[in-house]
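1. Quick one: sequence plus predicted model below, questions after.
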Amino acid sequence: MGTVKIAVLASGGGSNLQALIDAQTDGAFNGEIALVVSNRKAAFALERAKKAGIATHYLSAKSFPTAAAFDDALLTVLAAHEIDFIVLAGYLKVLSTKVLQSYPNKIINIHPSLLPAFGGDGFYGMRVHHAVHQSGAKLSGATVHFVTEGIDAGPIILQKAIRLEPDWGPEDIQAAVLKLEHPLLVEAVKLYCENRLEVIDNKVLIQEF
Ligand code: GRF
């Protein structure tokens with residue numbers, strides 16, 4: 001594989017994006033973050049991208065008459081930047097079938113729980129950590145997975161767990177999980193860029209070289 005051209009889609013603060021930008025600067029993976037797309041104009045992720053000299057694009061579904069028109073606009077901007085690989089890093093919009101089919105096994109997402117627990121419709125942001133806290137679970141963690149039709153249901157690439165201390169509230173869980181997320185996402189991007197991920201039977205095999 002030559003240098004992989006990466007688009008990062010983000011709706012929020014973009015700390016995972018920042019981890020990828022920093023890792024790229026350190027030469028941690030053979031890829032180039034060529035584009036950052038957000039569906040929120042005020043997303044700090046866009047500022048982080050601009051500061052790093054990365055092209056940005058604000059694309060809100062609200063500005064388009066139909067969902068199909070939004071999809072076409074997203075696909076057009078991805079194609080214009082010759083994107084090979086898409087990373088969802090806190091992107092709070094579900095991708096359509098058309099977009100998924102345009103990038104088969106070329107889109108990954110980071111989720112702040114140990115999937116399949118605490119994932120799926122409605123499990124995003126602090127809701128995940130509140131649910132974990134409520135459940136009394138002793139462990140939580142982060143998951144990087146390929147994106148498929150089912151929400152948070154695609155083949156799992158990497159996971160990392162942490163033990164939850166009894167006195168932790170949802171915010172403590174969020175902070176601890178976020179710390180795990182950054183290196184995990186960088187590692188997944190590195191593996192993808194080395195062409196080491198193979199999906200067989202809904203399972204991800206990591207090739208050892
Ligand atoms: C992370 O917890 C990620 O797992 C989830 O959204 C959050 C984004 O955080 N999908 P940030 O914007 O990268 O700081």
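-> Perfect, I can see it now. Note that the structure is predicted; figures quoted are calculated from it, not measured.
2. can you pull out the strands in this protein?
-> Here the chain has its strands, by DSSP state E, at 4-9, 31-38, 55-58, 85-88, 107-111, 139-146, 156-163, 197-200, 203-206.
3. List the residues that contact whichever residue of the chain sits closest to the ligand.
-> Residue of the chain nearest the ligand, by Cβ to the nearest ligand atom: residue 90 (2.6 Å). C-betas here are computed from N, CA, C, even on glycine. Shown in contact with residue 90 (Cβ atoms under 8 Å, 6 or more residues apart in numbering): 10-14, 16-17, 45, 110.
4. if we can go back for a sec, which stretch among the strands of the chain comes nearest residue 127?
-> strand 107-111 (11.8 Å; Cβ to Cβ).
5. re the thing from before, could you pick out which of the contacts of residue 90 are located in helices?
-> In this view, the contacts of residue 90 that belong to helices under DSSP state H are 16-17, 45.
6. Of those, which are in range of the ligand?
-> residue 16 (Cβ under 6 Å from any ligand atom).
7. and the ones in helices among the contacts of residue 90 as TSV, adding pLDDT and neighbour count?
-> As requested, the ones in helices among the contacts of residue 90 are exported to TSV (pLDDT from 0 to 100; neighbours: other Cβ atoms under 10 Å):
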residue	pLDDT	neighbour count
16	98	26
17	98	28
45	98	27
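8. Go through the ones in helices among the contacts of residue 90 and name the one nearest residue 170.
-> Among the ones in helices among the contacts of residue 90, and counting by Cβ to Cβ, the member closest to residue 170 is residue 16, at 19.0 Å.
9. quick one, what contacts that closest one?
-> 10, 89-90, 110, 181-182, 185.
10. and those, which of them are in helices?
-> 181-182, 185.
11. For residue 13, see how far away residue 178 is.
-> 10 Å (Cβ to Cβ, to the nearest Å).
12. what residues does the protein put near the ligand?
-> Counting by Cβ under 6 Å from any ligand atom, the chain sits next to the ligand at 10, 12-16, 89-90, 110-112, 178, 181.
13. give me that answer again for 8 Å
-> By Cβ under 8 Å from any ligand atom, the residues of the chain that approach the ligand are 10-19, 43-45, 88-92, 109-112, 124-125, 128, 142, 174, 177-178, 181.
14. Quick check on the residues you listed: which are buried?
-> 10-19, 43-45, 88-91, 109-112, 124, 128, 142, 174, 177-178, 181 (16 or more other Cβ atoms under 10 Å).
15. what pLDDT does residue 209 get?
-> Predicted confidence (pLDDT) for residue 209: 77.
16. Return the residues in contact with it.
-> Contacts of residue 209 by Cβ under 8 Å, 6+ apart are 194, 196.
17. From residue 182, how far out is it?
-> In terms of Cβ to Cβ, residue 209 sits 24 Å off from residue 182.
18. What of residue 174?
-> Separation of residue 174 from residue 182 (Cβ to Cβ) stands at 13 Å.
19. do the same with residue 207
-> Distance from residue 207 to residue 182, by Cβ to Cβ: 24 Å.
20. More neighbours: which of those two?
-> More crowded of residue 207 and residue 182, by other Cβ atoms under 10 Å: residue 182, with 19 against 10.
21. quick one, what contacts residue 121?
-> Neighbours of residue 121 in contact, by Cβ under 8 Å, 6+ apart: residue 151.
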